[in-house]
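> Generate a structure from the sequence data that follows.
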Amino acid sequence: MKFNVPKDDENKAKDILEYVYHALEEKGYNPINQMIGYILSGDPTYITSHNNARSKIRKMERDDLLEELLRSYLKNK
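Numbers count the residues shown, from 1 in each chain. Model (predicted):
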């Protein structure tokens, strides 16, 4: 079975990841560690509520966010 993701979801995931990254950075957290903690555990407290980052990241499924990360990594390799 082939799985295709619509382009809108790709852009949305990228935008959310970048937004949350900057919010975590602004609050002095290590964005990579915090985002990995969230993706692996599903615990939203890894993400700051600063600038509504927590509610924004919860709008997408974690597997969609992980897919975007993998796609971006492989594309830039």
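> most centrally placed residue in the chain?
Leu17 (3.6 Å; C-alpha atoms, centre = their mean).
> got a list of what that one touches?
35, 65, 68-69 (C-beta atoms under 8 Å, 6 or more residues apart in numbering). For the C-beta atoms, the positions are set from N, CA and C on the backbone; glycine is no exception.
> Could you pull out the buried residues of the lowest-mean-pLDDT helix or strand in the chain?
Sorting the helices and strands of the chain by mean pLDDT, DSSP states H and E puts helix 7-26 at the bottom, at a mean of 87. For helix 7-26, a neighbour-count test (16 or more other C-beta atoms under 10 Å) marks 12-13, 16-17, 20-21, 23-24 as buried.
> Relative to Asn52, which of those is nearest.
The closest of these to Asn52 turns out to be Ala23 (C-beta to C-beta; 8.2 Å).
> Tell me the spatial nearest neighbour of that closest one, not counting adjacent residues.
Closest residue to Ala23 apart from its sequence neighbours, by C-beta to C-beta, 6 or more residues apart in numbering: Ala53 at 3.6 Å.
> I figured Ser34 hits Ile47, correct?
For residue 34 the amino acid is Gln, not Ser. Yes - checked against C-beta atoms under 8 Å, the pair Gln34 and Ile47 is within contact range at 6.4 Å.
> residues shared between the contacts of those two?
Leu24.
> burial of the nearest residue to Asp43 once chain neighbours are set aside, as a residue count?
Spatially, and ignoring its direct neighbours in sequence, Asp43 is nearest to Gly37 (7.0 Å; C-beta to C-beta, 6+ apart). Using other C-beta atoms under 10 Å, Gly37 has 15 other residues around it.
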